[in-house]
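Chemist: here's my sequence, what's the structure:
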Amino acid sequence: MENWVNLAVLSVRNPAEAARRVIALDLSRDALWIAIALVSVLNTLVFSLSNMALPVPLPPVMTAPAIYFLMSAGSLVLAIIALFWTGRALGGQGSMTDVMSVVVWLQVLRLIVQAFSFVLIIVAPGVSALFVMIAGLIGLWIMLHFVNEAHRFGSLWRAFGVLIAAFLAIVMGLSLVLSLIGVGGM
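Modeler: Here you go, the predicted structure:
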């Protein structure tokens, strides 16, 4: 457990080194798929608990844990695929397991932030909002380093390009799928 805490602290202090250590774990794809499922379940649990404690007006479909789990896991898989292929298109050398490893670890860190912000919103709501904003900026910084290390770019600008390209690919892909199933016409 101490090693995981140290890795979490290292992820904030030196994200590039943390990414190298996560990749060096050389986890199998099977283990990573299980980790994706587990982090999605835990994310759903934290979301459901926070929604029960502090209800937010959301469409009923969004509050159903099974639907939230599918959306969480699906968006995680979609992000991994987009980051892998856009990274490859921009000259990245990383493998799918490298990208999966760093994205799963980033989700673990995000889950820790979510749980802490849930507790903080009960104790100090104003501080919670500031904490979430700062954590989001730090998370983006960590993500840049993780993508850079996973694809072995040697440039945070290329990693930034991957993040932008992956985001655009996801938005265009979802727009296409939604228009094909008729959501735009509704």
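Chemist: rest of the way, CA atoms for contacts and neighbours
Modeler: Noted.
Chemist: the helix-or-strand element of the chain with minimal mean pLDDT: what's the following helix or strand?
Modeler: Ranked by mean pLDDT, DSSP states H and E, the weakest helix or strand in the chain is helix 60-63, scoring a mean of 74. Under the assignment DSSP states H and E, the closest C-terminal helix or strand after helix 60-63 is helix 65-89.
Chemist: mean confidence score for that following helix?
Modeler: Mean pLDDT, helix 65-89: 92.
Chemist: mind listing what residue 96 touches?
Modeler: 80, 81, 84 (Cα atoms under 8 Å, 6 or more residues apart in numbering).
Chemist: what's the burial count for the residue lying closest to residue 62 once chain neighbours are set aside?
Modeler: In space, and not counting its chain neighbours, residue 62 is closest to residue 68: 6.0 Å by Cα to Cα, 6 or more residues apart in numbering. Burial measure for residue 68: 20 neighbouring residues, criterion other Cα atoms under 10 Å.
Chemist: where's residue 68 relative to residue 58, distance?
Modeler: In this view, residue 68 and residue 58 are 12 Å apart by Cα to Cα, to the nearest Å.
Chemist: give the closest residue to residue 105 in space, chain neighbours not counted.
Modeler: Using Cα to Cα, 6+ apart and skipping residues adjacent in sequence, the residue nearest residue 105 is residue 22, 7.5 Å away.
Chemist: tally of neighbours for the one you found?
Modeler: Residue 22, neighbours per other Cα under 10 Å, totals 21.
Chemist: from what I see, the residue nearest to residue 62 and residue 46 are in contact.
Modeler: No - using Cα atoms under 8 Å, residue 68 is not in contact with residue 46, being 11.1 Å away.
Chemist: residue 46 touches residue 116, doesn't it?
Modeler: No - with contact defined as Cα under 8 Å, residue 46 does not reach residue 116; the gap is 10.2 Å.
Chemist: between the two, who's got more neighbours?
Modeler: Per other Cα under 10 Å, whichever of residue 46 and residue 116 has more neighbours is residue 46, with 17 against 14.
Chemist: how much space between the more buried one and residue 102?
Modeler: 21 Å.
Chemist: who's in contact with residue 109?
Modeler: Going by Cα under 8 Å, 6+ apart, residue 109 touches residue 8.
Chemist: how far away is the one residue sitting closest to the centre of the chain from residue 75?
Modeler: Geometric centre of the chain, nearest residue: residue 107, 4.3 Å, by Cα atoms, centre = their mean. From residue 107 across to residue 75, the span is 11 Å (Cα to Cα).
Chemist: helix, strand, or coil at residue 153?
Modeler: Under DSSP: H, G, I helix; E, B strand; the rest coil, residue 153 falls in the coil class.
Chemist: now do residue 56
Modeler: coil.
Chemist: flag every buried residue along stretch 49-60.
Modeler: Buried residues in stretch 49-60, counted by 16 or more other Cα atoms under 10 Å: residue 50.
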